[in-house]
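Colleague: Predicted structure and sequence below. I'll ask about it afterward.
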Amino acid sequence: MPTYTKKTYVAVYFPNFQLYAWVDFQTLRAIEEKPEPLASGSHEDARQSVNDLDAPKTQMLRSLASSVCDISDRLPIKAVVEQAQDANVWKAFAKEAAQAKNYAEIGRLLVRLFGMIIRKYVKAAWLDSSYNRWKDNCESAITASCIENMNKELTSAILWEEVARLWDEPEQSTLGSEWKDWKEAHTTFCPSSKEPLRDEAPQISQDAKEDNKQVKVVQKFLKKRKSPTFCCNNSESLRKKVPSTMLLGLSDCNSAIKGLAVESIFAWHGPKLSTSPTKRDVLAAASLVCCGLHLISGLALKYKVKSNELLKRVTDLCAKENKSYEWMKDGFVCPKGCNSHLKDADLDLTFPLTQIFLPNGVGKSEEYSKALLSKKLCTFSKADDLRDGKGFRQVLCKDLSFGRESLPIPCIVDQDLREPCFCSSCNGKKIHHVDSIFPWETFSYITKRVLNHSLGIDTKNSQLGCACRERKCLAHSCDHVQLFDYDNPDACDIEGRPMQGRFPYNHRGQIILEEGYLVYECNSSCNCRDSCVNRVLQKGVQVKLEVFKTSHKGWAVRAGQNIHRGTFVCEYLGEVLNDAEANQRGEGYDRAGCSYLYDIDGHIDASASRKHIKPFVIDATKFGNVSRFINHSCAPNLINYQVLVESMDCQLAHIGLYASRDIAAGEELAYDYRYKFLPGKGCPCHCGAPSCRGRLY
Ligand SMILES: C[S@@+](CC[C@H](N)C(=O)[O-])C[C@H]1O[C@@H](n2cnc3c(N)ncnc32)[C@H](O)[C@@H]1O
C-alpha cells in the first residue's frame, strides 16, 4: 500500500477480471453507502469474492512476477551474460517467479535478473550511486508497491536504446530457436493476469504481521465496515484504462483518481507482444500504416518500446532496405487527420490504438473506417511477402494469439485483397471498422472464457467427477458415459449406430456423436489425465489455422492443414453475459454492422423456459479467440456442439466447433449462424454457397 502526495492507496481487486488497481483510499466508500451497482450485476457477488483475500494477494504476486519477467522478455540474447544465454535458465526463472510466495522472493528475483544483464547496458551513474540501496530494498521488500517501484527503477536504469540496437543484429544460430522457446515458457509459467489462478495463495494475515502500520490501518477499517467490499470512484481516467464492467460501483466522492493511482494500474495491457518487434514486424507495419503517429502508437503499445526509440529504428531500417513511404516524407499530413506531421508529432501518445478500432462504434472508429477506404493502404515489396502456389501473401502477424495457443495463428492478406473493396455491398455496409489493418488489436486474446458479473453466479466446479481410477477412462465404466446414456437412451452416432456405452469421441479425438446432443467431458474433478479420450475441447486448438482477409466479409479463418471430419477446431470463446446485458450490447453491434454475440441456447429445455430461464450469451467483441473471426456459411464445414466441462449447467455449456466433413488446407472455415430472419432488417450473406439463403438475418 503506497503513499504518494500524502495520499494513501489501497489495491482494489476486480474478481471477475482478476485484476487489481491502486486506488486513493479516500475515494472508497463502503457498499452500504452506495448499494446500487454502476454496471449491471450485484454487489453480493463481488462481496463474496473479496471475502476471500487469498485470491487478490496471489493475483498481486502473479502480476508482480509477470512484470519482472517482462523485463527479461525485452532483453535480446546479447544483452545478457553467457550463463543466461540458455532458454532453460529463463524457463526456470519464470517458473520460480510464478511460484513466489511473498514480495521478498520477487525482490530477490529482481536482483538475480539484474545480475544477468551485461553491465554496459546499465546506466553507470545508477550503478555507482543507487545499486546498493536498490538491492537492499528488493531483498527486504514487504509490500507490493516496493516491488513495483524497484521494478520501475531497474527498468529505467537499463540503456534501452543500446539494447534495442541488438535486436537488429543476427541471432546466434545455435541459440535462436531455444531463445524463442523462452517466450513460450514465459506465457506458460507466468500466465496473463486474466487467466485463472492455480497455485495456492499465501495467507494475507501472515504478511500483515510483518507489514507496516498502514496495512493495519486498512485492516482495521475493513473490520469496522464489516464488509470488505467497496465502491470505486467514478474516475474518467480510470474508466479509460479499465472497462466499465470492472468498476464495482460508483461513489459520490468527487476527487478523481489521478497520477500514481492510474499510472499504477498494471496487469491490464490488452493484447500486446511483450518482446521487441522483429525487423520484419517493423517493416510490415511501416508499409501498412497511414502515418507515423499510427505506427508509433500501435507498435509502442504492443511492444512496450519507447516511441522515440521505435521511430528511429523504423526509419533506419527502411533506409537500409531502400524503402520509403508517403508518411515518411517531410511535411506529410495524414489524410485521416491523425495529426502526424512527424517532426511535430507528440509521440508520447496517450490513446491506444485499440480505442480507435473499438468495434462497438466507440471513439474514432467511424472516422478511421472512412479514412481506411479512402486510401490505398498496402505497399507490398517482395521482401515482405511469402510466395506460395497461390501467389504473394503478406503475413501481417506471425501469431495473433501471441503465444497463447499451442500453435501460432498467422494473420495474412493475400495479394488480390491488398486494397479495400469498394463494391456497393461493402461500401454501404459498416463492416469496415472491423476490417482493420491489425485485427488482433481489436480485442484481447483469451484461452479461457470470462464470466461477466451480470451472470450473478460463482465459477465453482459443479460438474461430477467420474469414479475411473486410471489415467485414461474406459467407456464401459466411465460415469460420464453412463450419465449421457441415462439422459439420452436413443442417441446415435453420425453413422446412425447407437451411442450406448461409448464416448462422444473416437480414439483419435474426433467427435462421433450425432449433432444436437450435449457432450459431457471429463473435468478437474476426475482422476484421469489429459490423455483421456474424453478430454478434447478443454485442450484447446490443436490444428493449424490462419486468419485472412476476405473481400466482402471482413476477416475470416481458414484451415492451415487438412482437417478430418469430426476434428475439434476451436471453442467459441468470449465473455459470458446474461440476456439483458447481451441485448443492450447487441443494439450497438447491430448499428455497427458486425456482431460477435453467440447464444448458448440450443439445450435450454422446456422446464427451464417455463421457469423463464434465459439463455446466456457469449460476446467475443472485447475478449475472444480465433473463433471470433469465423464467418457464417449457408453450407458450412463446421458444426457446433455444446460441451459441459466444469459445470453441469447447460446455460454454461462451452461451444465447440468441429469439422462436419473433411476440410482441405486453405479452405475457409464457417458454421451456420442460424440467425432468425427479421422482417425489415437484413444483412446480405456473402458465403458464396450455391444454396445460399441470401441473407445473414
Ligand atoms: C463473428 S464476426 C466474423 C468475423 C468478421 N468477419 C470480422 O472481420 O471480424 C460476424 C460478422 O462477420 C460478418 N459476416 C460473417 N459471415 C458473413 C457472411 N456470410 N456474409 C456477410 N458478412 C458476414 C458480419 O458482419 C457478422 O456480423
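Modeller: In hand now; what should we look at?

Colleague: Point out where the stretch 351-500 of the chain drops to low pLDDT.
Modeller: Within the stretch 351-500 of the chain, the segments meeting pLDDT under 70 span 351-392, 415-437, 457-462.

Colleague: Just to be sure, V557 is in a helix?
Modeller: No. If the criterion is DSSP: H, G, I helix; E, B strand; the rest coil, then V557 is strand and not within a helix.

Colleague: Isn't it up against G624?
Modeller: No. Assessed by C-beta atoms under 8 Å, V557 is found out of contact with G624, at 12.0 Å. Just so you know, the C-beta spots here come from the backbone N, C-alpha and C atoms, and that holds for glycine as well.

Colleague: interface residues of the chain facing the ligand?
Modeller: For the chain, the residues in contact with the ligand (C-beta under 6 Å from any ligand atom) are 431, 434, 553-556, 593-596, 628-629, 631-632, 685-687, 696.

Colleague: When you filter those down to buried only, what's left?
Modeller: Buried members of the residues of the chain next to the ligand, counted by 16 or more other C-beta atoms under 10 Å: 431, 434, 553-556, 593-596, 628-629, 631-632, 685-687, 696.

Colleague: Please pull out the lowest mean pLDDT helix or strand from the chain.
Modeller: Sorting the helices and strands of the chain by mean pLDDT, DSSP states H and E puts helix 260-263 at the bottom, at a mean of 20.

Colleague: Which elements pack onto the next helix-or-strand element following it?
Modeller: Of the helices and strands lying after helix 260-263 in sequence (DSSP states H and E), the nearest is helix 279-288. Judged by 3 or more C-beta pairs under 8 Å, 6 or more residues apart in numbering; DSSP states H and E, helix 279-288 is in contact with helix 292-303, helix 307-320, strand 391-397.

Colleague: Quick one: mean pLDDT for helix 279-288?
Modeller: What helix 279-288 shows for mean pLDDT is 71.

Colleague: repeat for stretch 619-636
Modeller: What stretch 619-636 shows for mean pLDDT is 95.

Colleague: Please go through this structure and pick out the longest helix.
Modeller: For the chain, the helix with the greatest residue count under DSSP state H is helix 54-73.

Colleague: In that helix, which residues are buried?
Modeller: For helix 54-73, burial by neighbour count (16+ other C-beta under 10 Å) applies to 55-73.

Colleague: What of stretch 550-565?
Modeller: T550, H552, K553, G554, W555, A556, V557, R558, A559, G560, I563, R565.

Colleague: Serialize those to JSON lines and add fields for pLDDT.
Modeller: Compiled in JSON lines, these are given as follows (pLDDT from 0 to 100):
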{"residue": "T550", "pLDDT": "88"}
{"residue": "H552", "pLDDT": "84"}
{"residue": "K553", "pLDDT": "88"}
{"residue": "G554", "pLDDT": "86"}
{"residue": "W555", "pLDDT": "91"}
{"residue": "A556", "pLDDT": "95"}
{"residue": "V557", "pLDDT": "97"}
{"residue": "R558", "pLDDT": "97"}
{"residue": "A559", "pLDDT": "97"}
{"residue": "G560", "pLDDT": "95"}
{"residue": "I563", "pLDDT": "96"}
{"residue": "R565", "pLDDT": "97"}
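
Colleague: So which of those residues is the closest to A475?
Modeller: In terms of C-beta to C-beta, no member of those lies closer to A475 than R565, at 20.6 Å.

Colleague: hang on, isn't that closest one packed against N637?
Modeller: No. If you go by C-beta under 8 Å, R565 and N637 don't touch, sitting 9.3 Å apart.

Colleague: so what sits against both of these two?
Modeller: Common neighbours of R565 and N637 (criterion: C-beta atoms under 8 Å, 6 or more residues apart in numbering): A659, S660, R661.

Colleague: neighbour-wise, which of those leads?
Modeller: A659 (22 neighbours; other C-beta atoms under 10 Å).

Colleague: ranges for the helices of the stretch 401-550 of the chain?
Modeller: 424-428, 479-487 (DSSP state H, counting those that start in this stretch).

Colleague: Phi, psi for the residue nearest to E470 when sequence neighbours are not counted please.
Modeller: What sits nearest to E470 in space, not counting adjacent residues and going by C-beta to C-beta, 6 or more residues apart in numbering, is C528, at 6.7 Å. C528 has phi and psi values of phi -70, psi 170 when expressed as degrees, to the nearest 10.

Colleague: contacting residues for the closest residue to L159 other than its chain neighbours?
Modeller: Nearest in space to L159, with sequence neighbours left out and distances taken as C-beta to C-beta, 6+ apart, is Y121 at 5.1 Å. Residues in contact with Y121 (C-beta under 8 Å, 6+ apart) are A79, I158, L159, E162, V163.

Colleague: Can you report how many residues neighbour the second one?
Modeller: The burial metric for I158, expressed as a neighbour count using other C-beta under 10 Å, is 19.

Colleague: Just list the residues touching it, thanks.
Modeller: By C-beta under 8 Å, 6+ apart, the contact set of I158 is I71, I117, Y121, V122, K123.

Colleague: again with the fourth one
Modeller: Applying C-beta under 8 Å, 6+ apart, one finds that E162 lies in contact with K120, Y121.

Colleague: Could you look up the SS state of it?
Modeller: Look at E162: counting by three-state DSSP, its state is helix.

Colleague: hmm, back to that, how much space between the residue nearest to E470 and K472?
Modeller: 6 Å (C-beta to C-beta, to the nearest Å).

Colleague: Looking at these two, which is more packed in?
Modeller: The residue with more neighbours, out of C528 and K472, is C528; 22 against 16, by other C-beta under 10 Å.

Colleague: end to end, how far does stretch 116-123 reach?
Modeller: One end of stretch 116-123 to the other measures 15 Å (C-alpha to C-alpha, to the nearest Å).

Colleague: May I see the buried residues of that stretch?
Modeller: Across stretch 116-123, burial judged by 16+ other C-beta under 10 Å covers M116, I117, Y121, V122.

Colleague: Format these as CSV; extra columns: pLDDT and secondary structure.
Modeller: CSV is the format used below for the buried residues of stretch 116-123 (pLDDT from 0 to 100; DSSP: H, G, I helix; E, B strand; the rest coil):
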residue, pLDDT, secondary structure
M116, 90, helix
I117, 91, strand
Y121, 91, helix
V122, 92, strand
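
Colleague: Could you check how many residues crowd around the closest residue to C397 other than its chain neighbours?
Modeller: Spatially, and ignoring its direct neighbours in sequence, C397 is nearest to C411 (4.3 Å; C-beta to C-beta, 6+ apart). Neighbours of C411 under the rule other C-beta under 10 Å: 22.

Colleague: which ones are touching C411?
Modeller: Residues in contact with C411, defined by C-beta under 8 Å, 6+ apart, are V395, L396, C397, L400, P439, W440, E546, V547, F548, W555.
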